[in-house]
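[1] here is a sequence together with a model predicted from it:
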Amino acid sequence: MARRSPDAPPTLDATMRVVILRGPDRYLQLAYTQMLQTALEAEHGEITPFSFDGATAEPAAVLDELRSYGLLQTHKLVIVDAADALLAAPKAVAAETPRKGRGGPTPARTLFERYASDPMESATLLLRAATWRPGKLDKLVAKVGSIVKCEAPDVRTAATWCVARCAKEHDATIQPDAARLLVERIGPELGRLDTELAKLASFVGPGAEITPDAIRSMVGLTREEQAWAIQSILLRGSPAPVVTKLRELLEVSRQPEALVTWAVIDLLRKLHTAAQLLRQGEAPAEVARTLKLWGEARTTVLSAARHVEPDQLAGLLLKAIRADLRSKSGVGRSSRTLEVLAIEVADMIPAA
């Protein structure tokens, strides 16, 4: 079998004996699982799937299932969820697999490395995990199968996916601007996007077009978007508009103080992390992905993080957390404390 790069676009076929789906996007994990199962059924006819929970399953039980033969001799698809937990099992699982000292592979990982080096032809092993530690197993799997990343795409890719998905699956079309707005509003996780597309398609009717106005009407503001209304003012680096906006939110719009406080703390957390990562040489795109910054937030947060030292941000973040705790304990005037804190944040950031 030809080698497949772990980062190559997924092409799952019936020749693969071991497949790893790694990453937190459950929608992609399920979509690729269906792709693999369809390929196996096309090649082998009826297949027999077996599922294990890696958090509780014994490695020996999974391997026994792969190596045993059923009465009907159908091809097996053995699926392990939380596979990272299975491979991290610390206890010895076989007498012939001794512990290799501190820092070496666990007995479970060693057993699956051994299996991947000589897998059964009558079974396909599918390992699914939200988190994954690369190692020798990856190299072995690349020879007999594939390793597929299951991570949410960037905003542009997700919006393009929405346009294609809507036309193919939901009997409607969505304007590119509306697709971008939808992604910016709820994020790039494909499962959530697909659910919203189904609701929007039902709202506009068969064959109709989804517009930005439909998005604004049907897709409510998330907590993060409500927070961004506050954070975007703070990032302008001008105290006067901050005070005006805070008073408007608390006294006119009657927004809860807890939400406003959370928005300030969340912004400081993102700025601190971004400032650290940028100074460590991380690429801005990777920092944005780590912090889930999309659209305008990506540009403004990263710009501010470049101009403020991490230690300064850490000190203000600690102050904000302590102020929040005092407020929840009934100590001091929370609205006044929040106003002073917001002014400090705005003063620290260079004016836009």
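    Sure thing, it's come through. Numbering: from 1, shown residues only.

[2] got phi/psi on the residue nearest to residue 23 when sequence neighbours are not counted?
    Among residues not flanking residue 23 along the chain, residue 150 sits closest, at 3.4 Å (Cβ to Cβ, 6 or more residues apart in numbering). Heads up, the C-betas are built off the backbone N, CA and C, glycines and all. Residue 150 adopts backbone torsions of phi -120, psi 80, taken as degrees, to the nearest 10.

[3] dump the residue contacts of residue 150.
    With contacts defined as Cβ atoms under 8 Å, 6 or more residues apart in numbering, residue 150 is in contact with 21-26, 28-29, 32.

[4] do you know how far it is from residue 15?
    Remark: distance between residue 150 and residue 15 (Cβ to Cβ, to the nearest Å) = 21 Å.

[5] just residue 36 next, same as before
    11 Å.

[6] now do residue 241
    Between residue 241 and residue 15 the computed distance is 61 Å (Cβ to Cβ).

[7] what about residue 110, how many neighbours?
    22 (other Cβ atoms under 10 Å).

[8] same question for residue 344.
    15.

[9] now it: closest residue in space that isn't a chain neighbour?
    Here the residue nearest residue 344, using Cβ to Cβ, 6+ apart, is residue 316, at 6.3 Å.

[10] and that neighbour, which of the three is it?
    With DSSP: H, G, I helix; E, B strand; the rest coil as the basis, residue 316 sits in helix.

[11] a helix runs through residue 249, doesn't it?
    Yes. Membership of residue 249 in a helix is supported by three-state DSSP.

[12] doesn't residue 230 make contact with it?
    Yes. Using Cβ atoms under 8 Å as the test, residue 249 is close enough to residue 230 to be in contact (6.8 Å).

[13] could you say what helices and strands the biggest helix by length in the chain packs with?
    Counting by DSSP state H, the longest helix found in the chain is helix 257-279. Under the contact criterion of 3 or more Cβ pairs under 8 Å, 6 or more residues apart in numbering; DSSP states H and E, helix 257-279 touches helix 223-234, helix 284-291, helix 295-307, helix 310-328, helix 334-348.

[14] can you rerun that using 10 Å?
    Contact partners of helix 257-279 among helices and strands, from 3 or more Cβ pairs under 10 Å, 6 or more residues apart in numbering; DSSP states H and E: helix 223-234, helix 239-247, helix 284-291, helix 295-307, helix 310-328, helix 334-348.

[15] may I see the buried residues of it?
    257, 260-278 (16 or more other Cβ atoms under 10 Å).
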